[in-house]
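1. based on what follows, work out the 3D shape:
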Amino acid sequence: MSKTLSLLFAFLSVALMLATAFSLSHNGWLALLFAVLTLVAMGGGFILKARLRKKSSAS
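-> Numbering: from 1, shown residues only. Predicted structure coming up:
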């Protein structure tokens with residue numbers, strides 16, 4: 001995975017974690033939504049990293 005793509009996923013995850021923290025004081029359901037989106041973004045980054053690693057080792 002390129003450094004730029006890794007940095008993008010890192011910033012996206014941090015932004016979603018901050019949104020989760022800020023929304024905790026306003027709306028619990030919104031906080032839950034942001035928490036799920038955070039996990040999806042992190043998981044997506046790991047999945048993409050594994051696929052790119054597998055693709056580069058196969059060729």
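2. any idea how far Leu33 is from the residue nearest the centre of the chain?
-> The centre of the chain sits closest to Ala41, judged by C-alpha atoms, centre = their mean, with a distance of 2.5 Å. Applying C-beta to C-beta, to the nearest Å, the value for Ala41 to Leu33 is 13 Å. Where C-beta positions appear, they are placed from N, C-alpha and C, glycine not excepted.
3. mind listing the helices for this structure?
-> Using DSSP state H, the helices found in the chain span residues 3-24, 28-58.
4. export those helices to TSV and append columns for mean pLDDT.
-> Formatted as TSV, the helices of the chain follow (pLDDT from 0 to 100):
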stretch	mean pLDDT
helix 3-24	96
helix 28-58	95
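5. what does stretch 45-59 rub up against?
-> Stretch 45-59 is contacted from outside by 1, 5-6, 9, 13, using C-beta atoms under 8 Å, 6 or more residues apart in numbering.
6. can you check stretch 14-29 too?
-> 30-31, 34-35, 37-38, 41.
7. picking up where we left off before, got a list of what the residue nearest to the centre of the chain touches?
-> By C-beta under 8 Å, 6+ apart, the residues touching Ala41 are 9, 12-13, 16.
8. reformat the residues you listed as JSON lines; add neighbour count and distance to Ser25.
-> Formatted as JSON lines, these follow (neighbours: other C-beta atoms under 10 Å; distance: C-beta to C-beta, whole Å):
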{"residue": "Phe9", "neighbour count": "17", "distance to Ser25": "27"}
{"residue": "Leu12", "neighbour count": "16", "distance to Ser25": "22"}
{"residue": "Ser13", "neighbour count": "17", "distance to Ser25": "21"}
{"residue": "Leu16", "neighbour count": "20", "distance to Ser25": "16"}
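9. may I see those organised as TSV, with distance to Lys49 added?
-> As requested, the contacts of Ala41 are exported to TSV (distance: C-beta to C-beta, whole Å):
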residue	distance to Lys49
Phe9	9
Leu12	14
Ser13	13
Leu16	18
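10. could you work out the most separated pair of those?
-> Farthest pair in the contacts of Ala41 (C-beta to C-beta) is Phe9 and Leu16. Separation: 10.6 Å.
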